[in-house]
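1. got a sequence here, can you model it:
(2 chains)
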Amino acid sequence: MGLLAPLFLLGLAAIAVPIVIHMIQRERKEVIEFPSLMFVRRIPFHSFRRQRIRHWLLLLLRCAALALLVLAFARPFVRSPALAAVTDGAREVVVLLDRSYSMGFSDHWERARDAARDVVNGLAPDDRATLIFFDSGAAAGPRSTTERASLLGLIRDAELSAGVTRYGPALKLAEGIFEGSELPRLEAVLISDFQRSGVDSAAGIRFPQGAVLTPVPIGSDVAADNVSVAGVLFQREYFSGRERVAVGARLTNRGAAAVEGIEVTLEMDGRPVETLTADLPANGSVTVDFAAVTLTDVRVTGAVRVQADTLPADDVFYFVISPGQVVRVLVVGNERATPEADLYLTRALGIGSAPAFDVRTTTLAAFEAADLADRQVVVLNDAGAPSGDAGRALADWVAAGGGLLVAAGERSAWPAGAPDLLPGAVGSPEDRAGRGGALGYVDYTHPVFEVFAAPRSGDVTTARFFRYRPIEAHAEAVTLARFDDGQPALVERRVGSGNVLLWGSSLDSFWNDLAKKPVYLPFVHRLTEYLADYSPPSPWFPAGQVLNLSQQEVALGTGGLAEAEYVVMSPSGRRMPVSAGARAGFIDLAEQGLYEVHDARAADPRPLTLAVNVDLAETDLTAVDPEELAATVTGRVGQGREASAPVREISAGDLERRQSVWWYLLVAAFLLLVGETVVSNRLSRTVLTAD
Amino acid sequence: MDAQHGAPGARFVDPKALARIGSLELLARTVVDGFINGLHKAPYLGVSIDFAEHRMYMPGDDIRFIDWRVFARTDRFYVKTFEADTNANFSVLFDVSRSMSFTSGGVSKLDYGRYLAACLAYFSTKQRDRVGMVTFDDDIVTRVPPSAKHLEVVLHTLDRIEAGRPGSFARPLFKATEFFKRRGILLFISDFYDEPQTIVDALKPFRYGGNDVLVFHLLDPAEIDFPYDDATSFQDLETGRKLPVVPEKLREQYRQLVQEHVAALSKLCGENRIDYAMFNTSQPLDHALFKYLAMRHKLTRVR
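-> Predicted coordinates for the structure are as follows:
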């Protein structure tokens, strides 16, 4: 508290005036005319030296008003450090507060919020500030505001997210704010645990010249003892015609000490099913296998939990188990072929659980329209073309969405009267001399081959082809693979809603050795899954993913967004209508837990449940040097609060002018004087009335 | 509104309200007619003794005044009306000294006395008395000789009087005794700021001349209660002398002195068969009229 003009305090002596007036009899200046003073003159003269104070309330009002007036003229101001310390020029301050779930470790979040409050409270009156919360994305509160209360309110209400740390979006947002600012000093305060995993995203961001980034590391000296559920595996089996799933949970320990006897609990549909204990080595992982549970024909939700530790977000893993997906395949062979012709194919399709393949075999002669009833894929394995009603039924079935794979082997004649389904004309078999041919071109972007795209994922070009049928592809057909002599090996054509793939060689070991290569099994599986238009249901999604509900139509079992009215309930109970607006059908899976998608128009009241888990990359609390990050962003080394502009002491005059306390004092004095007028008038009336 | 029949509204009218009536005659008629209407139920009757005329009996007339002989001749009820005391002179001696102009917010004593005088002059005229008036302060200011036709003059004079100079009683009243050789009713209206003995000594000659003397002592509420609070200077309206006064400390003694003064005046007047009445100017004029009538009634019975 200071005074700009303390000499005015001498005016407080004037308070004595009302006191004296109240103590002595007040003599009015105006003279009262009275008819005759003959009676007054007869009364003996008295002097009244010692008087008591009358009208205390009036006296207090007058004294208080006088004191406030004097104080107002003395120009008082408050000299608090937050107000007095002002640097050269106003600052544009951006507070970047990390709210990724790793900040939930121990008391990091509380400390981070305290640090943010300290920054806000340390703002000078002419500073402007923006608060940015970030995880993998960034969201800014009111931009360049001087209202500290709103900033403090935002900090108070902030909550941790389930996202991972990415500095890039937040720093980019801060950069944009700095570029739009007219203030002379630009300061960013980054409050985070500075995980190394989030630094890569900051590459290429450069603050404007002169901007300062002050890192506030919220680290902990305590070793990060953290056990997390890294994921779950499902082992499906069929027992007595029922599908059973055994859940295996993989636990990781990122602490330097081994963890023994930790309890792991499997929950199904919210109820604990089984609890096991596990021992984890230091910096190691272990898999815990739970007993198999029998599934019904509906999806069940589950979770695997370990005992809560310092980072609770990764102690639980949610998932959804769907009843097994089965692709139903009809293999049509040639009645004249050897029994081994279908052997490789049927054996390959007999392996697999996600999806499983329900394979039925028949011959071309026995093939009839009824065989297509429940099939998703038909494989004409060196069988030739069906004719007559069966041929027409096959054509209709393909046009309605079925998948047809034609393997052009020895007996694959496709007469002119056969249905026009093939993507190309099949020529006579050609032999390749010597070691045979190989696949020379493969479209690895196609779903059939994309599993082989990555290194060490299997090489389809190692297979040798000794004989194949040349294919003259139609114009609308797409060639997915070619032999090394340029002849098409795999050609695709869309027929109506269905797909037809023409493979130029056999699927057994007669014309090639593909069936003996390791890539055969995934190749056949991918061919079949692609033709069946199969997409595996996701048992869980990573937090932060934006999900397009329209891609979940199979799981939802509806006719799509146009016919549904979805309402999504987040794990925290927030309702998110998704059927309206520009982003119809999209859900931002920001929270960890189980989302429920309700369709108000659906007859089945059971919601679709989506499991969302945190990204375990965030559990790696390895920190980067904060100054290194600051240097990356600002382009200068040694930035920090110390390097900021010199702090000057704001002058008393400026401080007083900014606060303008005198104005409030004058108003208060005025109000007191109004009150004094009211009280004195009332007292005067009271005296007259009483008399 | 007809003054005669609208009279109930004028009864006990606040003098401040009456002050807004510009015409004294209208004011007097408003007060007096309403007052007379009220007298039908009042005990103050029979101030006239001389027969004047007959008139038709009206419900409410006293049946004692029915002339039975006329009834015997005409078979109709006639009542005898009586003329008032036609020989009586009614004169108002009005103090117009400067102290009479004092008011504490309501009606000044001068105005109150003016209304009183007007009312009583009108009232007397109604009773066929002759009315006259003398105003005085330190000397005789105006004089209107008593006459049955002087009501207008009296009202006009009352309308024009102003309080200007200091007053006294001995000198002007001594002069005034010359004006009243013939018996009459003399009404003194003043605030009587003088020694009671001095006042009564000045009034005695009138009494000795055979006049019925009535004294109306007018006082403002502030003169009675002294409701002042803050210490200040008081200035005597007549002498101009200033005096620092702390009213809060003097109030009780002042009130006591005023009461003693009123009591002394009343006592001395009584001893000299002068009718004395003190009026607070905040009271309705009817009070004064009642008192006057009561005095007149008493005088009638004495005669």
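2. domain ranges for chain A?
-> Here the domain parsing of chain A from automatic domain parsing is A:2-80+A:656-690, A:89-223+A:621-645, A:227-323, A:326-531, A:541-613.
3. any idea of the mean pLDDT in the longest one?
-> Domain A:326-531 carries an average pLDDT of 89.
4. cool, the last one as well?
-> Over the span of domain A:541-613, the pLDDT mean works out to 73.
5. and residue A:344, what element?
-> Using DSSP states H and E, residue A:344 maps to helix A:343-350.
6. quick check: next helix or strand after that helix?
-> Taking DSSP H and E, what comes next after helix A:343-350 is strand A:356-363.
7. list the buried residues in that following strand.
-> A:356, A:357, A:359, A:362 (16 or more other Cβ atoms under 10 Å in any protein chain shown). In short, each C-beta sits where N, CA and C put it, glycine included.
8. what does the helix or strand following that strand rub up against?
-> Next helix or strand after strand A:356-363 toward the C-terminus (DSSP H and E): strand A:377-381. Residues outside strand A:377-381 that contact it (Cβ atoms under 8 Å, 6 or more residues apart in numbering or on different chains): A:327-334, A:341-342, A:345, A:364, A:372, A:386, A:394, A:397, A:402-407, A:409, A:412, A:506-507, A:528, A:531-532.
9. let's see which of those residues end up in strands.
-> A:327, A:328, A:329, A:330, A:331, A:332, A:333, A:403, A:404, A:405, A:406, A:407 (DSSP state E).
10. can you give me the neighbour number for the third one?
-> The burial metric for residue A:329, expressed as a neighbour count using other Cβ atoms under 10 Å in any protein chain shown, is 24.
11. pretty sure it sits against residue A:349.
-> Yes - counting by Cβ atoms under 8 Å, residue A:349 is a contact partner of residue A:329 at 5.9 Å.
12. overlap in contacts of these two?
-> A:357, A:359, A:528.
13. adding distance to residue A:605, write those residues out as JSON lines.
-> JSON lines is the format used below for those (distance: Cβ to Cβ, whole Å):
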{"residue": "A:357", "distance to residue A:605": "33"}
{"residue": "A:359", "distance to residue A:605": "36"}
{"residue": "A:528", "distance to residue A:605": "35"}
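14. tell me what the helix or strand where residue A:262 lies is packed against?
-> Secondary structure from DSSP H and E places residue A:262 in strand A:259-268. If you count contacts as 3 or more Cβ pairs under 8 Å, 6 or more residues apart in numbering or on different chains; DSSP states H and E, strand A:259-268 packs onto strand A:227-239, strand A:242-253, strand A:271-280, strand A:300-306.
15. need the winner for burial among these.
-> Stretch with highest mean neighbour count among these: strand A:300-306 (a mean of 21; mean count of other Cβ atoms under 10 Å in any protein chain shown).
16. now the domains of chain A as a markdown table including distance to residue B:106?
-> Formatted as a markdown table, the domains of chain A follow (distance: least, Cβ to Cβ, whole Å):
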| stretch | distance to residue B:106 |
| --- | --- |
| domain A:2-80+A:656-690 | 13 |
| domain A:89-223+A:621-645 | 61 |
| domain A:227-323 | 88 |
| domain A:326-531 | 109 |
| domain A:541-613 | 77 |
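17. residue ranges with poor pLDDT in the stretch 1-150 of chain A?
-> Residues of the stretch 1-150 of chain A meeting the criterion pLDDT under 70: A:24-29, A:44-54, A:80-88.
18. stretch B:206-225: which residues count as buried?
-> Buried residues in stretch B:206-225 (16+ other Cβ under 10 Å): B:206-207, B:211-225.
19. what residue in chain B is the furthest from its centre?
-> Within chain B, the residue lying farthest from the chain centre (Cα atoms, centre = their mean) is residue B:73, at 44.4 Å.
20. and that one, which of the three is it?
-> The assignment at residue B:73 comes out as helix when based on DSSP: H, G, I helix; E, B strand; the rest coil.
21. of all the buried residues of strand A:356-363, which comes closest to chain B?
-> residue A:356 (108.8 Å; Cβ to the nearest Cβ).
22. in the sheet, who's paired with that closest one?
-> For residue A:356, the beta-bridge partners are residue A:326 (DSSP bridges).
23. same check, this time on residue A:498
-> residue A:495.
24. can you tell me which residues contact it?
-> Neighbours of residue A:498 in contact, by Cβ under 8 Å, 6+ apart: A:397, A:398, A:399, A:400, A:401, A:402, A:403, A:404.
25. kindly recompute the last result at 6 Å.
-> Residue A:498 makes contact with A:398, A:399, A:401, A:402 under the criterion Cβ atoms under 6 Å, 6 or more residues apart in numbering or on different chains.
26. just to revisit the earlier point, if I look at the residue farthest from the centre of chain B, how far off is chain A?
-> 63 Å (Cβ to the nearest Cβ, to the nearest Å).
27. just the terminal-to-terminal distance for stretch B:171-190.
-> 15 Å (Cα to Cα, to the nearest Å).
28. and that stretch, which residues are buried?
-> Quick answer for stretch B:171-190 (16+ other Cβ under 10 Å): B:172-173, B:176-177, B:179-180, B:184-190.
29. for stretch B:273-283, what is the average pLDDT?
-> The model assigns stretch B:273-283 a mean pLDDT of 87.
30. what kind of secondary structure is the residue in the stretch 1-150 of chain B that chain A sits nearest to in?
-> Proximity to chain A, evaluated over the stretch 1-150 of chain B using Cβ to the nearest Cβ, is greatest for residue B:99 at 3.7 Å. Secondary structure, three-state DSSP: residue B:99 is helix.
31. residue B:134 belongs to a helix, doesn't it?
-> No - if the criterion is three-state DSSP, then residue B:134 is strand and not within a helix.
32. quick check: it touching residue B:92?
-> No - the criterion here is Cβ atoms under 6 Å, and residue B:134 misses it with residue B:92 at 7.4 Å.
33. between those two, who's got more neighbours?
-> The neighbour count for residue B:134 versus residue B:92, taken as other Cβ under 10 Å, is higher for residue B:92 (29 against 23).
34. note down every partner strand of the helix or strand hosting that one and its orientation.
-> If you go by DSSP H and E, residue B:92 is part of strand B:89-95. Here strand B:89-95 is paired, per DSSP bridges, with strand B:130-136 (parallel), strand B:184-190 (parallel).
35. all helices in chain B, in order from the N-terminus.
-> B:15-18, B:24-39, B:68-74, B:109-126, B:151-160, B:170-176, B:196-208, B:221-225, B:247-271, B:285-302 (DSSP state H).
36. of these, flag the one that's most buried.
-> Using mean count of other Cβ under 10 Å, helix B:109-126 ranks as the most buried of the helices of chain B, with a mean of 25.
37. helices or strands up against it?
-> On a contact count with 3 or more Cβ pairs under 6 Å, 6 or more residues apart in numbering or on different chains; DSSP states H and E, helix B:109-126 meets helix B:24-39, strand B:89-95, strand B:130-136, helix B:151-160, strand B:212-219.
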